[in-house]
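K.L.:
quick one: sequence and predicted model below, then my questions.
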Amino acid sequence: MAKAYDVMAPTCPSRVVLHRIGARWTVFVVTALADRPLRFTELKRHIAGITPKVLTETLRALEYDGLVARVDKGGHPPYVEYRLTPLGRSLLEPLSAVRNWAETHVPQVERANRAYDERA
């Protein structure tokens, strides 16, 4: 059975999906929402270093792609929560593998960086 999409093809729509998954803050937002829905301020507090503007842009892009749902909770004062959709939840396992790889291999990457810098 042939693959329907080929990310290596320059016009393949899977490139857009891969770009979204690989965007700088996507991993952090998806990981932050893994356990429960969060409000905007909770997400911002949980993801150190993200600006409100970038968080807003990332949430909108993830909502556009069907990975995150924005849920209006009403109330007084009104507020919204963000949660992973089933599609967004399907990213947790592969992102967890990438996160584990990154955390496990920090020493090797740092050694490689130092070796490169010494050669340069």
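P.N.:
Structure received.

K.L.:
just the pLDDT at the residue nearest the centre of the chain, thanks.
P.N.:
Centroid-nearest residue in the chain, with Cα atoms, centre = their mean: residue 26, separated by 1.9 Å. Note for residue 26: predicted pLDDT of 95.

K.L.:
repeat that for residue 19.
P.N.:
89.

K.L.:
count of neighbours near it?
P.N.:
For residue 19, the number of neighbouring residues by other Cβ atoms under 10 Å comes to 12. (C-beta placed from N, C-alpha, C; glycine too.)

K.L.:
for it, helix, strand, or coil?
P.N.:
Here residue 19 is helix, with the state taken from DSSP: H, G, I helix; E, B strand; the rest coil.

K.L.:
my read is residue 80 is in a strand, agree?
P.N.:
Yes - assigned with three-state DSSP, residue 80 falls within a strand.

K.L.:
just give me the neighbour total for it.
P.N.:
Count around residue 80 with other Cβ under 10 Å applied: 14.

K.L.:
any idea how far it lies from residue 14?
P.N.:
As judged by Cβ to Cβ, to the nearest Å, residue 80 and residue 14 stand 30 Å apart.

K.L.:
do the same with residue 115
P.N.:
The gap separating residue 115 from residue 14 is 35 Å, by Cβ to Cβ.

K.L.:
neighbour count for the two, which is higher?
P.N.:
More crowded of residue 115 and residue 14, by other Cβ under 10 Å: residue 14, with 14 against 10.

K.L.:
how close does residue 63 get to residue 11?
P.N.:
Residue 63 is 25 Å from residue 11, by Cβ to Cβ.
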